[in-house]
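> Need coordinates for the following:
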Amino acid sequence: MDFTIGPIPDPTLTALAAPLPAEAERQSQEQDGAKVRLAGEANYQAKSWQQTSRVVFKAEVLPKGPNTRFVVTTRKDDALVLYD
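Okay, here's the model as predicted:
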């Protein structure tokens, strides 16, 4: 059975995804503050998890500021498609 859950971000996940929000911010600045939405992924294993899992992260630059979110999943869809 496939699953997709939204974990509470921790410092390790935030550091793992850090290049993506930075790239989204750079692209937004190049486009005069336009909304930018990017997605990436990595393998991750929290201390309490029995195995490594796929983590998909989304980074957006919005008028209100940056927005980075995470999901843990077994699904194989493209990162941004899966996040949607």
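
> how close does the residue sitting nearest the centre point of the chain sit to residue 32?
Residue closest to the average C-alpha location in the chain (CA atoms, centre = their mean): residue 57, at 1.1 Å. To residue 32, residue 57 is 25 Å away according to CB to CB, to the nearest Å. (C-beta placed from N, C-alpha, C; glycine too.)

> what's the answer for residue 9, then?
Distance from residue 9 to residue 32, by CB to CB: 29 Å.

> quick one: buried residues of the helix or strand of the chain at the bottom of the mean pLDDT ranking?
Lowest mean confidence among the helices and strands of the chain (mean pLDDT, DSSP states H and E): helix 79-83, at a mean of 84. Residues of helix 79-83 classed as buried: 79, 82, 83 (neighbour count, 16 or more other CB atoms under 10 Å).

> can I assume residue 70 is in contact with residue 53?
No. If you go by CB atoms under 8 Å, residue 70 and residue 53 don't touch, sitting 11.1 Å apart.

> okay, the two: which has more neighbours?
residue 70 (21 against 17; other CB atoms under 10 Å).

> pLDDT wise, what is that one at?
If you check residue 70, the pLDDT there is 93.

> Output the host helix or strand of it as CSV, restricted to C-alpha atoms.
Element membership for residue 70, per DSSP states H and E: strand 65-73. Taking Å, rounded to 0.1, in the frame of the first residue of the first chain, the C-alpha atoms of strand 65-73 are listed here in CSV:
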residue,chain,number,x,y,z
GLY,A,65,7.6,35.2,2.0
PRO,A,66,9.2,31.8,1.5
ASN,A,67,7.1,28.6,2.0
THR,A,68,8.9,25.2,2.2
ARG,A,69,6.9,22.0,2.8
PHE,A,70,7.7,18.3,3.0
VAL,A,71,6.0,14.9,2.4
VAL,A,72,7.2,11.4,3.0
THR,A,73,6.0,8.9,0.4
